[in-house]
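Peer 1: Just a sequence and a predicted model for now, questions to come.
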Amino acid sequence: MGFKFLQSFLTFFVVLPTLLTVYSICASLEIAGRHRGGRGLLGWIGALPWDEPMVLVAALSLVMLGGGGFGGIINMSYAMNSMIHNTSWVPAHFHLIFGGAVVIMYFAIAYEMWPQITGKLLRSKKLARRQLWLWFWGIMIVTIPWHITGLMGQPRRVAVFDYDDPLVARTGPLVIISVIGGMILLLSAILLIFILVRSHFGERTGEIPLRYALAVNPPAHVPSSLNGFALWNTILLVLMLVAYGYPIGQFALLKPHSVPAYDVTSHSDGGGAR
Amino acid sequence: MAETETNPLRRPLPDGIVPEGEVTRTENRWIAIVLGMLGVMMAVIVVTGVTNALHPPSNVEIIDPTTLHLGGEFAESNLGTAAEPDGSVTVRLIAEQYNFVPECVRVPADTPVKFRLSSADVIHGFLLVGTNVNTMVVPGFVAEVRTSFNALGDYRMPCHEFCGVGHQGMWAHVNVVPKGRFPHLSTTERTSCVQQ
Amino acid sequence: MARDKGVLRLTNPWPRFAWLAGAAIVGISLALGFLVLDRYQQNDPPLGLWGAICWGLGITADLGPAREAAPTLRTPSRIAWTSSTLGQIRAGDAQHGSFIALNCTACHGEGGMSQSTFIPTLTGMDPAVIFKQLDDYRSGKRPWGVMGAIAKALSIRDSADVAAYYAARPNGLAAIAHEGSLRGESRSKESDSARHLAFMGDEQRGIPPCTACHGPHGYKIGAPPLAGQHAAYIERQLAAFAQRLRQNDINEQMRTIAMQLTPSEMHALAAFYGAPESSRVANK
Ligand SMILES: [Cu+2]
């Protein structure tokens, strides 16, 4: 279908805002690093306050976003998708992107906001950093083998695999590694709750003022079309109509066929079984 | 605005760290890099799409799923591998809960192969591990994918779309044999590797 | 903050740029999609421009060689599970069916509970199964001398009625109980090949679990409940499917499975399902 290329192309443009976000996060970190005395091409990295969970998470999150993002580009590429469509590559991809890059950010936000909301300070930032590292490695150990099994053709949405089968056996060890990663994630999640609960019932209290990020060079003028949703939602609507209008509308043009519904959970008619 | 100026947390930045012009320049450079990346990747997709004739599965052809067995292309006597006059082969399959029929397909190596599938009940998936064959099989439609196999041997053919409680048992095989060992079929003969 | 007027107006440079960029992207990709990429078909010469556009729009369908010279048609059954067939079955009148069933009692037993291991029990069987099997006997798709003659004497209405009658009889066939209720027995699940096939299937050979179609995990229309059926009958049917003596299953549902089973597995499955003590789901 010719429209699939359009859909693929439009999907591709998700790269643009993603990379702009990457830019502004890196740039903010660099400015902060230089402000704290970092010098040279990479010196600012060392000057960042790495003991802050938020800074650590920004870096870990970027690493995971990078991996997941490139996987995502493969998912959207017009024809390459058929290598990995509905294989375990796909869950690997979205666990890496969402479960990794996004959720780890939620954790850091929790460490940041919880004390501000409740006035109870974190008992141990070190433990918090440990938890975040555990989550990072957990996600990596879950998703990297998962991606590989996907490339080896392991379908997703299958409950049981018979690893005795020589044609499936190769994926067995990789799946076991994934399971270990899952255990690490569980450990990390328990640790998160433990840290928050312990801090909540802990001694350390304090007032932390809310801080907001401020622009280094405050904008003098923002065109209102870039500062609201009206224009973008209209464009979005038109693009959706162009990209999906015909393919979906086509169902109305084609002769419909249906498979009559039959109760699959029990014999429906008469006094049959159950 | 005035409030932020007095915010104690906002320490003024020393001069020279981020001059406004520098920021604009790096921003523009980054945009150029990003657009360049987009362009290169898109070019790769288009060029490989054209040179390898790769497409996402795109066939729009409708068929009544409940009456496949009553006649027409997917009647059971027409399933399996058929030889075409031009030397290629066409493989016709039905995907149904919880089997592919025939459940073992034999095709010759290094030969253009066209798979045509339809579903008798719900959405199934059709994946040939290690090839470009990967499509959904939607009831009411005929899925068509083309490929050719250069490696001999057995391929696993799992259903990758959850189709019900027996889904995990829905695996079939494709058996690729050397061209010379593929039976010579007349136009009305069909073959498969289901043991009779 | 200065507000520029007309967020959507094209005289405003930003909206103009956004719309132009959007239009360019759409234009370029539609042109590439429909005029370039669509032309190239694996294993076939490139399509012409119109052919490519039509294919892209899903207007032409099969591009491949014509499909004349099809082999002689063989169909498994005349029945298809269309809504009109289901309607006929649903219209079955058990009251009238009870009179027709008088003709069957000699062989299929009182109320359908067959006393002979050779003749299947019909009590509690799904009406769709009875209806379909009767039609297959009638049309000769399932060859079995006596039943063919009997079915020919029944009208379509009669089959639906007698199907409704037998389906409504209590304490007959059932789906095998859920695996959970078998736990009490010694844990020999892995070694017990019949139970394993029934509940797990065998993925390596492409055998789905029997319970996915015959219940209780799922029901496939036309698949009869098996628990309580005579073991000898089940085994004979499995062998008949495997040897293609019985070919009336739509789209080779049972033949595909039975062909994968070894004779000893068939025997074990028949014993498992047919065993009188195999725990049944209580009929209500
Ligand atoms: Cu399936």
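Peer 2: Received the coordinates, thanks.

Peer 1: and residue 48, what is it in contact with?
Peer 2: Because you didn't say which chain, this covers chain A. Residue A:48 makes contact with A:29, A:32, A:33, A:36, A:38, A:55, according to CB atoms under 8 Å, 6 or more residues apart in numbering or on different chains. The C-beta positions use only the backbone N, C-alpha and C, and glycine is treated the same way.

Peer 1: The chain in question should be chain B.
Peer 2: By CB under 8 Å, 6+ apart, the neighbours of residue B:48 are A:79, A:80, B:54.

Peer 1: And residue B:171, by the same measure?
Peer 2: By CB under 8 Å, 6+ apart, the contact set of residue B:171 is B:156, B:157, B:158, B:159, C:203, C:204, C:206.

Peer 1: The helix or strand of chain C with the lowest mean pLDDT and chain A in contact?
Peer 2: None of the helices or strands of chain C scores lower by mean pLDDT, DSSP states H and E than helix C:49-57, at a mean of 83. Yes: with CB under 8 Å from any CB of the partner chain as the measure, helix C:49-57 is seen reaching chain A through C:52, C:53, C:56, C:57.

Peer 1: The second one - how many residues pack around it?
Peer 2: It refers to residue C:53. 18 (other CB atoms under 10 Å in any protein chain shown).

Peer 1: ok, it touching residue C:35?
Peer 2: Yes: look at residue C:53 against residue C:35 with CB atoms under 8 Å: they come within range, at 7.4 Å.

Peer 1: Give me the below-cutoff pLDDT ranges for the chain.
Peer 2: Using chain A. Filtered on pLDDT under 70, chain A yields the residue ranges A:1, A:261-274.

Peer 1: Hmm, no, I was thinking of chain C.
Peer 2: Along chain C, segments meeting pLDDT under 70 span C:1-5, C:60-70, C:175-191, C:275-284.

Peer 1: domain ranges for it?
Peer 2: Using automatic domain parsing, the domain ranges for chain C come out as C:20-63, C:83-170, C:178-282.

Peer 1: what is residue B:96 paired to in the beta sheet?
Peer 2: Under DSSP bridges, the beta-bridge partners of residue B:96 are residue B:99.

Peer 1: Distance of it relative to chain A?
Peer 2: Separation of residue B:96 from chain A (CB to the nearest CB, to the nearest Å) stands at 10 Å.

Peer 1: what's around that residue, how many residues?
Peer 2: So residue B:96, with other CB under 10 Å, has 28 neighbours.

Peer 1: That one reaches residue B:120, doesn't it?
Peer 2: Yes: counting by CB under 8 Å, residue B:96 touches residue B:120, with 4.0 Å between them.

Peer 1: what's the spacing between the nearest residue to residue B:155 once chain neighbours are set aside and chain A?
Peer 2: Nearest in space to residue B:155, with sequence neighbours left out and distances taken as CB to CB, 6 or more residues apart in numbering or on different chains, is residue B:174 at 4.2 Å. The spacing between residue B:174 and chain A, counted by CB to the nearest CB, is 11 Å.

Peer 1: So in terms of bridging, what pairs with residue B:174?
Peer 2: Applying DSSP bridges, one finds that residue B:174 bridges with residue B:105, residue B:155.

Peer 1: Do I have it right that it meets residue B:105?
Peer 2: Yes: in this structure, residue B:174 is within contact of residue B:105 by CB under 8 Å, at 4.8 Å.

Peer 1: Alright, that wraps it up for me.
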